[in-house]
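Undergrad: here are the coordinates; sequence isn't available:
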C-alpha cells in the first residue's frame with residue numbers, strides 16, 4: 001500500500017492504472033487466497049504504466065502553449081513554488097504568471113493554490129503546488145536537457161537575489177539549482193552553507209551528505225581553485241564526523257588534508273592538521289596521538305607565527321601529560337606551565353575559534369589537578385565561545401566538563417539541573433553521543449547522592465548507546481559506574497562482573513584520554529575486595545589508587561585512596577596504621593588553594609578568599625574521610641572525638657544536600673544514605 005500511495009498519492013484513476021499495470025506484468029498476483037507482490041516494493045514503485053503516461057500527456061497537450069511552458073518551468077522549480085520564481089525562469093512579468101497559475105488552479109488543472117510567498121527583497125507572489133508528483137516528473141522529463149540547465153540557473157540566480165545576505169537560509173535549494181544549472185562554484189558554496197545549517201540543527205548525517213556532494217563537484221571547478229576548496233570541505237567534513245563520533249572517518253579526511261599540506265609545502269596547514277589529528281586520536285590510539293602531537297610541535301619551529309607555535313606547544317604538552325599518566329611516568333610541572341602560559345598567548349590572538357578547544361583541554365587538565373573551580377570557569381568560557389562560533393563539539397564538551405567540575409565541587413543541584421536540561425536537548429535533537437554522556441553524568445550524580453538504583457538505571461541507558469556506537473571510553477566508564485552502583489545495592493557478584501569487564505576493556509585498548517578511568521576503577525575494586533574480606537587485594541588496589549592520584553595530584557581520589565587504606569587497617573585492627581592513613585587522607589583534602597599566578601596565567605581573577613582549602617572544598621571525599629575517622633575513634637573508645645568527626649561528616653552532607661532543590665528526592669536519598677553509613681549499614 002505504501003508503494004501504491006507513494007506513487008499515486010491516492011488518486012483513484014492513477015491507482016487503478018498502476019495496479020492494472022503491475023497485474024499485466026505479473027508483478028501482482030493471487031497467493032494463498034489473497035493478492036501479493038512478487039518483487040520488492042521499492043523496485044515496483046519505479047514503474048509508470050504506459051496508459052498513465054498517455055493520459056498525463058493528453059492532459060498537458062490540452063493546455064495552451066503558454067500554460068505548457070509555464071508548467072514546465074514550474075516543474076524545474078519543484079513540487080511547490082512561487083509564481084515569482086517561475087517568472088524569472090521564463091523572463092516573464094510576475095503578475096502575468098500569477099494570473100495564469102491562478103486560472104489553472106481554479107480549473108483544477110494540474111496545480112492548486114498553496115498560499116503566498118514573501119521574499120526578503122520585498123517580492124510578494126502567489127504560491128502553487130502540483131496536484132500530483134507524476135505531473136511534475138512528466139513535465140520535467142519532457143524538457144530538453146539544455147533547457148533544464150538554463151531554467152535551473154535562472155531560478156537559482158533569482159532566488160539568490162531575492163534573499164541577498166540571507167541566502168544561507170535557502171542554501172540547500174540554491175545548491176540544488178546551481179548544481180543542476182552547471183554553476184558548480186556556487187553550488188559548492190551553497191552546499192557548504194547547507195551543511196552548516198544542518199550541523200546547527202544537529203542533523204550531522206545530512207551535513208556530511210551535503211559536504212560529500214560538494215567534494216564530488218570540486219573536480220568541475222577551475223584547476224586553480226580545486227585544491228584549496230577540497231581542503232576546506234575536508235576540514236568541515238572531518239569536524240562534523242568528529243561530532244558524530246565517526247573518528248575514523250574524521251581522521252581519514254584530515255589525512256587527506258595533511259597530504260595536501262605536505263605536497264604543497266604548507267607547514268602551517270601541516271601543523272594545524274596534525275594538532276587536529278592528535279586531538280581525535282587521543283580517544284583510541286595513544287601512540288598515534290603522541291606521534292602526531294610531537295610532529296606538529298617539531299614542524300611549528302619552522303614557522304614564525306606565535307599563535308601556531310603556541311597551539312602546537314600546548315597540544316604537545318597536554319598530550320605528554322596524559323601519556324605520562326597512562327604509563328605512570330610522572331606529571332611534569334614544566335608541561336603544565338607550557339599549557340597555562342601557551343593558553344595566554346592563544347587568548348591574546350583574539351581568535352575565538354582557535355581558543356575554544358584549548359579552553360576545554362586546559363580545563364580538563366585543571367580538573368585532573370583538583371583545581372575544580374578554575375576548571376569550571378574555563379569550561380563555562382569554552383561553552384560560551386563554542387556556541388558563539390558554532391563549534392557544537394567544543395560547546396558540548398565544555399558543558400560536559402563544567403558538569404563534572406561541579407560534581408567535584410559539591411554543587412549537586414546545579415549539576416542535576418544542567419545535566420537534565422542538556423539530556424532533554426540531546427534527546428530532542430537525537431544526538432545519541434551526548435545522550436550517552438549526560439546519562440553517565442547523571443549516573444555519577446545519583447551515585448554521589450547514594451541513590452544506587454537511579455545510578456544503575458542511567459548506566460543501563462548509557463551502556464546500550466555505548467554498545468551501539470562502539471564508544472570504547474564511555475563503555476569503560478559505564479561499566480565502572482555500574483560496578484559501583486551494584487556495590488551500593490549490595491550485589492557483589494554483579495559488581496565484580498562489571499568492574500572486571502571495565503578492566504578487560506581498559507587492558508585491550510586504552511586511549512590517551514582514558515587514564516583517569518583508572519581512578520574510579522581502582523577505587524571500585526578496592527571497595528569490592530574490602531567488602532569481600534580479601535584485604536591484600538583491597539590494599540593492592542588502594543595503593544594503586546593512591547599512586548595514580550598522586551601524580552597531578554587529583555586530591556579527591558588521593559583522599560579516597562588513603563581512606564580505603566585506613567578502612568583496611570581498621571579491619572586488621574592496625575590502629576596506628578589507620579591513624580596514619582586518615583591523616584594522609586585529611587592532608588590530601590586540606591591542600592593549599594590554587595596559586596594566584598595560575599589564575600592570572602589564564603587571564604581569570606582569582607577568588608577573593610585566599611585561605612587554605614579545607615575539607616569542605618572537596619566534599620565528595622570529606623564526608624567519607626570524616627566518617628572513617630569517626631569509626632576509628634569509636635573503635636578506639638574515644639567517643640568524644642568520634643562524635644566530633646560524625647558532626648563534621650554530617651555538616652558536609654548537609655552542605656551537599658542544601659545544594660539540591662528542597663523537593664528533589666536525591667536530597668532525602670543522600671541524608672538517609674549517610675545515616676545508614678554512619679550506623680555501619
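TA: Okay, I see it. Since this is a predicted model, take the numbers as computed values, not measurements. Residues are numbered from 1 along each chain as shown.
Undergrad: Any stretches of the protein with poor pLDDT?
TA: For the chain, the stretches with pLDDT under 70 are 1-49, 326-330, 508-515, 608-616, 681.
Undergrad: What segments of it are strands?
TA: 28-31, 34-37, 80-82, 111-118, 124-130 (DSSP state E).
Undergrad: Run through who's touching stretch 491-508.
TA: Applying Cβ atoms under 8 Å, 6 or more residues apart in numbering, the contact partners of stretch 491-508 are 472, 475-476, 479-480, 482-484, 486-487, 514, 517-518, 521, 524-525, 528, 531-532. To be clear about C-beta, it is placed using only N, CA and C from the backbone, and glycine gets the same treatment.
Undergrad: Those in helices, which ones?
TA: Mapping these onto helices (DSSP state H) picks out 472, 475-476, 479-480, 482-484, 486-487, 518, 521, 524-525, 528, 531-532.
Undergrad: Of the contacts of stretch 491-508, just the buried ones, PyMOL syntax please.
TA: Per 16 or more other Cβ atoms under 10 Å, the buried members of these correspond to this PyMOL selection:
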select buried, resi 472+475+476+479+480+482+483+484+486+487+514+517+518+521+524+525+528
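Undergrad: can you tell me which residues contact residue 583?
TA: Counting by Cβ under 8 Å, 6+ apart, residue 583 has no contacts.
Undergrad: Tell me the spacing between it and residue 285.
TA: Distance of residue 583 to residue 285, computed by Cβ to Cβ, to the nearest Å: 42 Å.
Undergrad: now swap in residue 520 and tell me
TA: 23 Å.
Undergrad: Neighbour count: the two, which is higher?
TA: Higher neighbour count among residue 520 and residue 285: residue 520, with 22 against 19, using other Cβ atoms under 10 Å.
Undergrad: Was I right to think the more buried one contacts residue 480?
TA: Yes. Contact criterion Cβ atoms under 8 Å: residue 520 and residue 480 qualify, at 5.0 Å.
Undergrad: which other residues reach stretch 106-125?
TA: 59-60, 63, 71, 74, 80, 82-84, 87, 94, 98, 101-102, 104-105, 126-132, 135, 161-164, 166.
Undergrad: In that stretch, which residues are buried?
TA: 109, 110, 111, 114, 117, 119, 123, 125.
Undergrad: what do you get for stretch 272-287?
TA: Across stretch 272-287, burial judged by 16+ other Cβ under 10 Å covers 272-286.
Undergrad: Now find how far off-centre that stretch is within its chain.
TA: 17 Å (Cα atoms, centre = their mean, to the nearest Å).
Undergrad: And for stretch 223-232?
TA: Here stretch 223-232 is found 29 Å from its chain centre; the criterion is Cα atoms, centre = their mean.
Undergrad: and for that stretch, what are the contacting residues?
TA: With Cβ under 8 Å, 6+ apart, stretch 223-232 has contacts from 185, 188, 192, 215, 218-219, 221, 256-257, 260-261, 264, 269.
Undergrad: Give me the buried subset of those.
TA: When the contacts of stretch 223-232 are checked for burial by 16+ other Cβ under 10 Å, the buried set is 188, 192, 215, 218, 221, 256, 257, 260, 261, 269.
Undergrad: Let me know the closest of those to residue 639.
TA: residue 257 (69.1 Å; Cβ to Cβ).
Undergrad: Can you tell me which of the contacts of stretch 106-125 are classed as buried?
TA: So, by 16+ other Cβ under 10 Å, the buried ones in the contacts of stretch 106-125 are 60, 63, 71, 74, 80, 82-84, 87, 94, 98, 101, 104-105, 126-132, 135, 162-163.
Undergrad: mind checking how far the closest residue to residue 601 other than its chain neighbours is from residue 253?
TA: Of all residues not flanking residue 601 in the chain, residue 340 sits nearest, at 4.0 Å (Cβ to Cβ, 6 or more residues apart in numbering). Using Cβ to Cβ, we find residue 340 at a distance of 32 Å from residue 253.
Undergrad: Neighbour count for those two, which is higher?
TA: Ranked by neighbour count (other Cβ under 10 Å), residue 340 and residue 253 place residue 253 first, with 27 against 20.
Undergrad: quick one, what contacts the more buried one?
TA: Contacts of residue 253 (Cβ under 8 Å, 6+ apart): 234, 235, 237, 238, 241.
Undergrad: cutoff 10 Å now
TA: Neighbouring residues of residue 253 by Cβ atoms under 10 Å, 6 or more residues apart in numbering: 208, 211, 215, 231, 233-242, 246, 273, 276.
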